[in-house]
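Chemist: Take this sequence and fold it.
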Amino acid sequence: MSIALTTPVTGGPQSGFTSPTYTIVSDTAPPGNPGKQYVVTALGGTQTGVTTHSVAAPFTMTFTRPAALKVLGTPNPVTGVVTVVPTNTYKGICRKGVLPLAGQPYKVMNITMTADVPAGADLADPANVKACLSMFAGSVWQQSSGLGDTFISGVLG
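Modeler: Predicted coordinates for the structure are as follows:
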């Protein structure tokens, strides 16, 4: 199954938000790695002060994969050990224009998820590759509101 966000995207819980949703449309990903990008065009629920995508204040979600996928090399004929295991790096990047101070121009906030998957694990251990992503996604979803509060207060505890 490939990545294909459907609209609207239900947002994670955040203090001060009620049932946040994000209406998206497909966009062209920035040049470089092959990717898919989506732009937020409308908001749902209660999200006072939140803006949709614009040139000055972007609101995008981009997913990329390596331009050239790597495969596992050949084991050493004597030891049977693969000494170099390359990785395939996948990314998810959310970009949102935010105001650093009232009356100032927007600055772009980035949240980047990077997954470095060892080549060969896709064949030898797909269940644990999926489990790692499942735990990561579940942890971020579960702690969405706490992470939002931490980004504002700087307190992780």
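
Chemist: From now on I want contacts and neighbour counts done on CA atoms only, so please keep to that.
Modeler: Noted.

Chemist: where along the protein do the helices fall?
Modeler: 121-124, 126-142, 144-153 (DSSP state H).

Chemist: got the buried residues for the shortest one?
Modeler: Using 16 or more other C-alpha atoms under 10 Å as the burial criterion, the residues of helix 121-124 that qualify are Ala121.

Chemist: what does the longest one give?
Modeler: By neighbour count, and taking 16+ other C-alpha under 10 Å as the criterion, the buried residues in helix 126-142 are Val129.

Chemist: Name the surrounding residues that touch it.
Modeler: Helix 126-142 is contacted from outside by 12-13, 117, 121-122, 147, using C-alpha atoms under 8 Å, 6 or more residues apart in numbering.

Chemist: let's see 6 Å
Modeler: Gly12 (C-alpha atoms under 6 Å, 6 or more residues apart in numbering).

Chemist: That helix to helix 144-153, inter-axis angle?
Modeler: 60 degrees (axes from the mean of the first three to the mean of the last three C-alpha atoms, to 10 degrees).

Chemist: Would you point out which residue is most central in the chain?
Modeler: With distances taken as C-alpha atoms, centre = their mean, the residue of the chain nearest its centroid is Gly92 (2.9 Å).

Chemist: Most remote residue from the middle of the chain, which is it?
Modeler: Per C-alpha atoms, centre = their mean, the residue of the chain sitting farthest from its centre is Val78 (41.6 Å).

Chemist: Angles on the backbone of it, please.
Modeler: phi -90, psi -50 (degrees, to the nearest 10).

Chemist: what's the spacing between it and Pro86?
Modeler: 21 Å (C-alpha to C-alpha, to the nearest Å).

Chemist: What of Met113?
Modeler: 19 Å.

Chemist: Of the two, which one has the most company?
Modeler: Set Met113 next to Pro86 and count neighbours by other C-alpha atoms under 10 Å: Pro86 wins out with 16 against 13.
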